[in-house]
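A.B. asks: no sequence on this one, just coordinates:
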Ligand code: DGL
């Protein structure tokens with residue numbers, strides 16, 4: 001079983017980490033559009049265009065499924081990808097909503113969605129959650145989190161100050177959806193600020209989703225990981241070595 005994993009840059013490696021831990025694939029082809037990251041500040045048509053280009057890249061490989069390990073792509077380009085792909089397509093938003101549903105014991109649960117501007121403006125998480133009866137939803141786009149993660153500042157004063165800046169008037173929610181694949185890397189600091197909130201991580205969510213919805217029960221002893229980037233592939237490989 002082969003997967004193509006697509007992200008705007010390096011953030012999707014947090015999803016790859018979960019896929020590797022659960023040994024769901026014999027091969028993972030990772031494609032990060034590092035030359036054009038971030039996607040989260042771009043408009044819908046641009047995100048769709050870039051995503052369809054990534055789809056063409058994966059057509060060169062014999063993949064069974066393409067996972068868009070980018071919430072911004074999952075927010076805007078899933079239908080276009082599905083309409084043009086010869087293989088299955090999975091985003092991370094439906095899995096995130098499913099993971100929350102699996103954990104919430106009440107529809108009254110309070111939910112904070114964190115994502116890029118594109119993800120939050122698309123209202124995709126919100127729509128799906130409301131359809132499932134969740135009504136206590138707040139959305140926030142802490143844009144500075146992405147460059148902070150890209151800089152590798154996973155702890156320290158800059159991160160703490162930025163968290164304080166975005167969260168100071170937010171009431172501690174029952175659930176926080178990390179609706180950006182960069183955010184799991186600062187999950188420890190987020191949990192320190194909101195110690196009683198349950199965090200929903202796109203990587204764990206996609207694993208649960210593939211097991212439940214795609215009936216993926218097979219486990220592989222080894223996963224071959226191939227990394228590709230539109231710019232500075234050595235940088236991506238270095239980060240992969242550090243994070244994975
Ligand atoms: N990986 C992207 C996401 O999950 C965040 C970075 C970006 O803005 O491209 O939305």
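C.D. replies: Perfect, thanks for sending it. Everything quoted here is computed from the prediction, not taken from an experiment.

A.B. asks: what residues does the protein put near the ligand?
C.D. replies: For the chain, the residues in contact with the ligand (CB under 6 Å from any ligand atom) are 7-9, 11, 37-40, 70-72, 116, 119, 146, 180-182. Where you see a C-beta, it was placed from the backbone N, CA and C, and this is true even at glycine.

A.B. asks: Please flag which of the residues you listed sit within strands.
C.D. replies: residue 7 (DSSP state E).

A.B. asks: Next step: the residues of the chain next to the ligand restricted to helices.
C.D. replies: 71-72, 119, 146 (DSSP state H).

A.B. asks: Can you tell me which helices and strands the worst-scoring helix or strand of the chain on mean pLDDT packs against?
C.D. replies: Within the chain, no helix or strand scores below helix 145-150, which has a mean of 89 by mean pLDDT, DSSP states H and E. Here helix 145-150 touches helix 157-167, going by 3 or more CB pairs under 8 Å, 6 or more residues apart in numbering; DSSP states H and E.

A.B. asks: I'd like the next helix or strand past whichever helix in the chain runs longest.
C.D. replies: The longest helix of the chain (DSSP H) is helix 44-58. Going down the chain from helix 44-58, the next helix or strand is strand 65-68, by DSSP states H and E.

A.B. asks: now the nearest residue to residue 206 once chain neighbours are set aside: how far from residue 30?
C.D. replies: Once flanking residues are discounted, residue 206 sits nearest to residue 95: 4.7 Å by CB to CB, 6 or more residues apart in numbering. In this view, residue 95 and residue 30 are 18 Å apart by CB to CB, to the nearest Å.

A.B. asks: Alright, I will stop here.
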